[in-house]
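1. Provide a 3D model corresponding to the input given below.
(one chain, ligands or ions: 2)
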Amino acid sequence: MSKNLRALSARFAKNKTLFQTLTEIVENREAPLERKLTAFADESLISPAALLGSASFYDFLYTQQTPKRAHLCNGTSCQLSGRQAEARAILAQRYTPEEIGQAACLGHCYHGGAYWQEGHTCDTTSGPGEKASAIPFFPATNSIFNAPLASLDALYQTTRLAADRICDELTASRLRGRGGAGFPFATKLASCAQADAAQKYIVCNADEGDPGAFSDRYLLEHQPHRVLAGMLAAAEATGANTGYLYIRAEYPQAQQCMAAAISEFEANGVTENGFQFHIVRGAGAYICGEESALLNSIEGLRPEVRLRPPYPAQAGLFGQPTLVSNVETFAAIPWILQHGGAAFAARGTDLATGTKLVCLDAGFKQPGVYEVEMGTALIQLIEERAGGFRQPAKAVQVGGPLGSIVPLERLAGLQLDFESFAQAGFLLGHAGIVAIPRTFPMIDLLRHLFSYMADESCGKCLPCRLGTEKGQHLLQQASAATPLSRQLFDELLETLELGSLCALGGGLPLPVRNILDYFGEELEEYFQP
Ligand SMILES: Cc1cc2nc3c(=O)[nH]c(=O)nc-3n(C[C@H](O)[C@H](O)[C@H](O)COP(=O)(O)O)c2cc1C
Ligand code: SF4
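-> Ligands and ions are numbered 1, 2, ... in the order given. Next up, the predicted model:
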C-alpha cells in the first residue's frame, strides 16, 4: 500500500512534493477542506482518506480545529524558565484563547518565554514585530563551525574533490553523526555510494525537535553555506543530484536563511553539475526527526516510522538510495575537507573525534551554544565556561526527552562524548542541556516525559502507542493516597524498551529509570513500597 502511494508521490516531486502541496491545500482556508481534498485526490490519484490521514497527523495543519494564530512554547526549558506567564500575557493581549495553541519547543531555550505568532518566533525580550534575542555562540579555539571564510567560492571549492578522495578524508576523520545516535558517517556514505541507482538523494535532517537543543537552529541561521557545502560534498561522494532540507515549522527564520543561501549558491553559478536543493517545511511533529518518518513526511505519506531493513542508504526517499544526516554533521564536512580528515581525528577523543556543539539553556548563568572538543569534562563546561547554574539545581537533562537525567553528584565523572555517557548509564544524544531546579518536583518531570511521548508517538507499534498513554495515565493517578505499583510500572518500562520499533518508545525508559534511580526518595510517596 505505502509502496503504491510512494510511487504516486514520486510522480509529484518535480517542483513541489506531495506534502508541500497538501500543506498548501490545508492552510488555504478559502474553500471547505473536504472539497479541496477530494479535488486533489482526483488529481493525485491518492484517496482522500490517505491524504486526510497524513494531514491530520500534524500539530500545525488544522484539519478540524479553529486555525491558531499564535503558539506558546511548552518545551521543557520554557516550562522551567519561569517566563511562560509573561509570554502568555503578551499573547492574551493580541489573541483570543481559541487562537492560541501550543508548540513543543521553539528553540529559544537560552532565554525562555518563547512564542510563535503569525510566522515569527519571539520571546519575552522582543516587542511585536521585533526580532527575538540572538543565540549566544561560544566557539572553540580553532573553531570548526565558525572558522573565517575567505569567500563562498573557496568554501564550495572544498567540495570539488574526487568522490574517492571525499570518502577517504571522511573515513580518516572518523566523524560520527551529531543527530543523537553517533553512527559513523563514512559507513553510511559508502553504503549510499555503492548503491546502484540512477537517482539518489541527500537529506538534511533539520527537524531538531529536542526541547533544550538549538544548535542546529544556530547553524541554519548563521552558517547556512557550511550546511549546503557539506550536503554537496556528500552528493559528490555518492552520486546524488538532489538534496532536501527538512526544516521544522517552528524555525521560520532558519527557513528564510537557508532559502537565501540557496539563492546565493545558485546565483554564484556553482550548480554546474546540476545539483538541486529543495526546502521542505515541517508541520509540527516530533517523530519527523526520526529519519524514516521524515522521509515519509517529505513524500506526503503519514509520517510513521518504517521497518528496517531496508535502510535509507539502500531504499530511502521515494524508494531510492538516500543519505540522511543531521545539520551539524553536514556543517562539519567543509572543515574536514579543507584541513584533512586526520586533522579532525586529532581532535576530541579516539572514539569521538572533532568538536561538538552543546546547548545550555536559560537555567545556566551564561546560556547559549558552546563548541567544545569531544571529551571535555561536563563540569568544566558548566562551571568554568557557563558560570554555573542560575539557581540551585538538582539535576540536568541531557539530550532531550529521550536522553538522560543526570543528578548533580554524577556530573563530575562525565566527559562530553558518546562513550563516557553510555558507560555511566546516560545518553549524550544531540547534547542539549537543561538545568532542573531543586524546587522542580520530579513527579512532574516524569508526567511531562510520558505525556510528551504519548502526544508524539507515531502509533505504528503497539507497545509505544498504548504504553506511553498507559504510563501517562498511571502517573497522573499516582498520589500519596493512591500510590502506583512499582512492579507494574517496571513491567511497562520493560515492554516499551523491548517491544518498541524505534527509539521514541524504546528510549523513554532510560530517562525515566534515571529519575527513579536517583530521586527514589523524593518519589517514595507516589509508589507502593
Ligand atoms: C524520536 C526520534 C527523534 C529524532 N529527532 C532527530 C532530530 O530532530 N534531528 C536529527 O538529526 N536526528 C534525529 N533523530 C535521529 C535520526 O533518526 C537519524 O539517526 C539522524 O538524522 C541521522 O543523522 P546523523 O547520522 O548525522 O546523526 C531522531 C530519532 C528519533 C528516534
Ligand atoms: S516506538 Fe512509538 S514512535 Fe516509534 S514506531 Fe513505535 S509507535 Fe512509532
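2. any regions of the stretch 251-400 of the chain where pLDDT drops low?
-> Within the stretch 251-400 of the chain, the ranges that satisfy pLDDT under 70 run 269-273.
3. pick out the residue in it sitting closest to ligand 1.
-> Residue of the stretch 251-400 of the chain nearest ligand 1, by C-beta to the nearest ligand atom: residue 289 (2.2 Å). C-beta here means a position set from N, CA and C on the backbone, and glycine is covered the same way.
4. got the residues of this protein near ligand 2?
-> Residues of the chain lying close to ligand 2 by C-beta under 6 Å from any ligand atom are 287, 305, 457-461, 464-465, 500-502, 504-505.
5. neighbour-wise, which of those leads?
-> Greatest neighbour count in the residues of the chain next to ligand 2, by other C-beta atoms under 10 Å, goes to residue 505: 28 neighbours.
6. which other helices and strands contact the helix or strand bottoming out on mean pLDDT in the chain?
-> Ranking every helix and strand in the chain by mean pLDDT, DSSP states H and E puts helix 2-12 at the bottom, with a mean of 82. Counting by 3 or more C-beta pairs under 8 Å, 6 or more residues apart in numbering; DSSP states H and E, the packing neighbours recorded for helix 2-12 are helix 18-27, helix 291-299.
7. off-centre distance for the first one?
-> The gap between where helix 18-27 is centred and where its chain is centred comes out at 22 Å by C-alpha atoms, centre = their mean, to the nearest Å.
8. what packs against that helix?
-> Partner elements for helix 18-27 (3+ C-beta pairs under 8 Å, 6+ apart): helix 2-12, helix 33-44, helix 48-55, strand 276-281, helix 291-299.
9. other residues contacting the longest one?
-> Right, the one you point to is helix 33-44. Identification of contacts with helix 33-44 by C-beta atoms under 8 Å, 6 or more residues apart in numbering yields 8, 12, 18, 21-22, 25-26, 28, 47-48, 51-52, 55, 63.
10. could you do the third one as well?
-> With C-beta under 8 Å, 6+ apart as the test, helix 48-55 has contacts from 5, 19, 22-23, 25-26, 34, 37-38, 40-41, 44, 61, 63, 300-303.
11. go again with 10 Å.
-> For helix 48-55, the surrounding residues in contact (C-beta atoms under 10 Å, 6 or more residues apart in numbering) are 1-2, 4-5, 8-9, 18-19, 21-23, 25-27, 33-34, 36-42, 44, 46-47, 61-63, 283, 296-297, 299-304.
12. circling back: got the CA coordinates for the least confident helix or strand of the chain in CSV?
-> Taking C-alpha atoms only, helix 2-12 is exported to CSV below (Å, rounded to 0.1, in the frame of the first residue of the first chain):
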residue,chain,number,x,y,z
SER,A,2,2.6,2.6,1.0
LYS,A,3,4.7,1.3,-1.9
ASN,A,4,1.9,2.4,-4.3
LEU,A,5,1.5,5.7,-2.5
ARG,A,6,5.2,6.3,-2.6
ALA,A,7,5.3,5.7,-6.4
LEU,A,8,2.4,8.1,-6.9
SER,A,9,4.1,10.7,-4.6
ALA,A,10,7.4,10.4,-6.6
ARG,A,11,5.5,11.5,-9.7
PHE,A,12,4.6,14.6,-7.9
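13. pretty sure residue 159 is touching residue 335, no?
-> No: if you go by C-beta atoms under 10 Å, residue 159 and residue 335 don't touch, sitting 12.0 Å apart.
14. got the domain ranges for the protein?
-> Listed domain ranges for the chain are 2-55, 138-345, 355-437, 442-526 (source: automatic domain parsing).
15. got a list of what the closest residue to ligand 1 within the stretch 351-500 of the chain touches?
-> Across the stretch 351-500 of the chain, the shortest distance to ligand 1 (C-beta to the nearest ligand atom) belongs to residue 402, at 6.2 Å. By C-beta under 10 Å, 6+ apart, the residues touching residue 402 are 180, 210, 286, 427, 429-430, 449, 452-453, 503-511.
16. just those: which are in strands?
-> In this view, the contacts of residue 402 have no member that belongs to strands under DSSP state E.
17. briefly note if stretch 424-438 comes near ligand 1.
-> No: under the criterion of C-beta under 6 Å from any ligand atom, ligand 1 is not reached by stretch 424-438; the shortest gap measures 6.6 Å.
18. can you give me the end-to-end span of that stretch?
-> End-to-end distance for stretch 424-438: 22 Å, by C-alpha to C-alpha, to the nearest Å.
19. mind listing what's buried along it?
-> With burial defined by 16 or more other C-beta atoms under 10 Å, the residues of stretch 424-438 counted as buried are 426, 427, 428, 429, 430, 431, 432, 433, 434, 435, 436, 437.
20. for these, which one is nearest residue 140?
-> Nearest to residue 140 out of the buried residues of stretch 424-438 is residue 431 (C-beta to C-beta; 13.7 Å).
21. touching, that closest one and residue 415? I think so.
-> No: look at residue 431 against residue 415 with C-beta under 10 Å: they stay out of range, at 11.9 Å.
22. who touches both of the two?
-> Counting by C-beta under 10 Å, 6+ apart, the contacts common to residue 431 and residue 415 are 372, 378, 421.
23. of all residues in the stretch 101-250 of the chain, which one is closest to ligand 2?
-> Residue nearest to ligand 2 within the stretch 101-250 of the chain: residue 209 (12.1 Å; C-beta to the nearest ligand atom).
24. let me see the contact set for that residue.
-> Applying C-beta under 10 Å, 6+ apart to residue 209 gives the contacts 75, 104-105, 107, 248, 250, 282, 284-290, 400-401, 430, 456.
25. same deal with residue 59?
-> Counted by C-beta under 10 Å, 6+ apart, residue 59 has contacts 68, 71, 101-104, 249-250, 282-286, 455-456.
26. and if you look at residue 478?
-> Applying C-beta under 10 Å, 6+ apart to residue 478 gives the contacts 443, 446, 447, 484, 485, 489, 523, 525, 526, 527, 528.
27. next, give me the two most distant ones among these.
-> Greatest spatial distance in the contacts of residue 478: 447 and 528, 18.0 Å, computed using C-beta to C-beta.
28. residue 115: what secondary structure?
-> Three-state assignment for residue 115 (DSSP: H, G, I helix; E, B strand; the rest coil): strand.
29. gap between it and residue 69?
-> Remark: distance between residue 115 and residue 69 (C-beta to C-beta, to the nearest Å) = 11 Å.
30. center of the protein - which residue?
-> Centroid-nearest residue in the chain, with C-alpha atoms, centre = their mean: residue 208, separated by 2.0 Å.
31. secondary structure element for the spatially closest residue to that residue that is not a sequence neighbour?
-> Nearest residue to residue 208, sequence neighbours excluded (C-beta to C-beta, 6 or more residues apart in numbering): residue 216, at 4.1 Å. Assigned by DSSP states H and E, residue 216 belongs to helix 215-222.
32. can you give me the helices in the stretch 351-500 of the chain?
-> Secondary structure of the stretch 351-500 of the chain by DSSP state H, counting those that start in this stretch: the helices cover 378-380, 418-423, 442-456, 462-477, 486-499.
33. need the residues of this protein near ligand 1, please.
-> Proximity of the chain to ligand 1 (C-beta under 6 Å from any ligand atom) is limited to residues 177-181, 183, 205, 207-209, 287, 289-291, 324-326, 329, 502-504.
34. quick one: buried ones out of those?
-> Among the residues of the chain next to ligand 1, those buried by neighbour count (16+ other C-beta under 10 Å) are 177-180, 205, 207-209, 287, 289-291, 324-326, 329, 502-504.
35. hang on, the earlier thing: how about the domains of the chain, which one is nearest residue 93?
-> Nearest to residue 93 among the domains of the chain is domain 138-345 (21.7 Å), distances taken as C-beta to C-beta.
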